[in-house]
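# sharing a sequence plus its predicted fold:
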Amino acid sequence: MKKLILMLICLAGTALAAPMAEEIDHLLDFVEASGCRFERNGSTYDSGEARAHMERKYDYIRKRIRTTEDFIRYAASESSMTGRKYHATCDGKIITSQEWLTQELQRYRQRHP
């Protein structure tokens, strides 16, 4: 009986993790495809470099991530070293990375309930 309960808990965790992984993958694809410029600690990067940085940071802190919002907060919003916010510049408009990605996550969830 204990084995069955443990197996069900593991399966439930996997089922919950799958949508989060899809959302994070979508956000990373969204960043790369955006063509926006990203400012991090006073330097500017293209969208491919921004995605690579977010992926590296995510891989480093993956065990702390429980939700897609955690991914945005811990891997895509601000520098762990300086605390400075990340910004995206798209079509001449500057927005914090956290706000920009949270808006995209909401759009994604509306299309994929």
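Right, received. Where do you want to start? Numbering: from 1, shown residues only.
# so what's residue 65 up against?
20, 58, 71, 74-75 (CB atoms under 8 Å, 6 or more residues apart in numbering). Every residue, glycine included, has its C-beta placed from N, CA and C.
# let's see it at 7 Å
With contact taken as CB atoms under 7 Å, 6 or more residues apart in numbering, residue 65 is in contact with 71, 74.
# just want the phi and psi numbers for it.
Phi and psi for residue 65, reported as degrees, to the nearest 10, are phi -80, psi 120.
# can you give me the pLDDT of it?
Looking at residue 65, its pLDDT is 95.
# ranges for the helices of the protein?
Taking DSSP state H, the helices of the chain run over residues 2-34, 47-61, 68-75, 97-111.
# list the buried ones in the last one?
Within helix 97-111, the residues that qualify as buried are 97-98, 100-102, 104-105, counting by 16 or more other CB atoms under 10 Å.
# so who does residue 74 touch?
Listed by CB under 7 Å, 6+ apart, the contact partners of residue 74 are 61, 64-65.
# if I look at the closest residue to residue 102 other than its chain neighbours, how far off is residue 112?
Of all residues not flanking residue 102 in the chain, residue 72 sits nearest, at 6.0 Å (CB to CB, 6 or more residues apart in numbering). Distance from residue 72 to residue 112, counting by CB to CB, to the nearest Å: 17 Å.
# the more surrounded of these two?
Legend: neighbour count by other CB atoms under 10 Å for residue 72 and residue 112, higher for residue 72 (23 against 10).
# tell me who's in contact with the more buried one.
Shown in contact with residue 72 (CB under 7 Å, 6+ apart): 98, 101-102, 105.
# before we move on, back to that, need the contacts of residue 74 in CSV (columns: distance to residue 30).
Putting the contacts of residue 74 into CSV (distance: CB to CB, whole Å) gives the following:
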residue, distance to residue 30
61, 20
64, 22
65, 17
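# residue 87: which of the residues you listed is nearest?
residue 61 (20.6 Å; CB to CB).
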